[in-house]
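Participant: I'd like to go over a predicted model; first the sequence, then the structure.
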Amino acid sequence: MPILRQIAQLGQPVLRQETHRIDDPLAPVIQSVIEDMLVTVAEANGVGIAAPQVFEPLRLFIITSRPNPRYPQAPLLEPTAMLNPELLWSSDETEKGWEGCLSVPCIRGPVRRSIRIGVRYTTRAGEIREEELSGFIARVFQHEYDHISGLVFLDRVESTRELISEREYMRMVAPQG
Ligand code: ZN
């Protein structure tokens, strides 16, 4: 049975550590970490979660997207586990967009990200995929890729003066909520 994991909060050293490549995607221990991450990200209404956020210093994250209370405008993407993900290229064209993080509660900040990226990753079934991602999904990939590189979105914000509280953010994007 999958276990709802505790989410590492900013200040936990695991969020700043080196992460390890996964040699055997099909190993039961890896599959069970993926299962735990799937239930944990769903429970938290997240659009992505990286292994270091559940105290596993592995090159692994999950991207999932559907409109939810934390991201009312999110597009639909089935939960996808990405193992040993690589960022192959990223567009010069960038845009600023609001980000938040399950490890940095109650804060949102605008982060400049490439609009289109090329990625390669191994699926949980052990298949290698190459894809082009754009828009919100490309943003989530870049956010999660940062996590497996020991970075959080706060490191990317141009000025701390642009940070706002989650409550003010919700007031902006969902005035009726
Ligand atoms: Zn995050």
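Facilitator: Okay, I see it.
Participant: distance between the lengthiest strand in the chain and the chain's centre?
Facilitator: Ranked by residue count, the top strand of the chain under DSSP state E comes out as strand 77-90. In terms of CA atoms, centre = their mean, to the nearest Å, the centre of strand 77-90 is found 10 Å from the chain centre.
Participant: run through the residues that contact Ser114.
Facilitator: For Ser114, the contacting residues are 90-94, 138, 142, by CB atoms under 8 Å, 6 or more residues apart in numbering. For every residue, glycine as well, the C-beta is placed using N, CA and C.
Participant: could you list which of those residues belong to helices?
Facilitator: Judged by DSSP state H, these include 138, 142 as members of helices.
Participant: what is the nearest of the contacts of Ser114 to Pro105?
Facilitator: Gln142 (20.6 Å; CB to CB).
Participant: residues contacting that closest one?
Facilitator: For Gln142, the contact set (CB under 8 Å, 6+ apart) comprises 87, 90, 113-114, 117.
Participant: kindly recompute the last result at 10 Å.
Facilitator: Gln142 sits next to 87, 90, 99, 111, 113-114, 117, 119, 133, 153, 156 when contact means CB atoms under 10 Å, 6 or more residues apart in numbering.
Participant: out of the residues you listed, which is nearest to Ala74?
Facilitator: Within the set of the contacts of Gln142, Glu99 lies nearest Ala74; the separation is 12.1 Å, counting by CB to CB.
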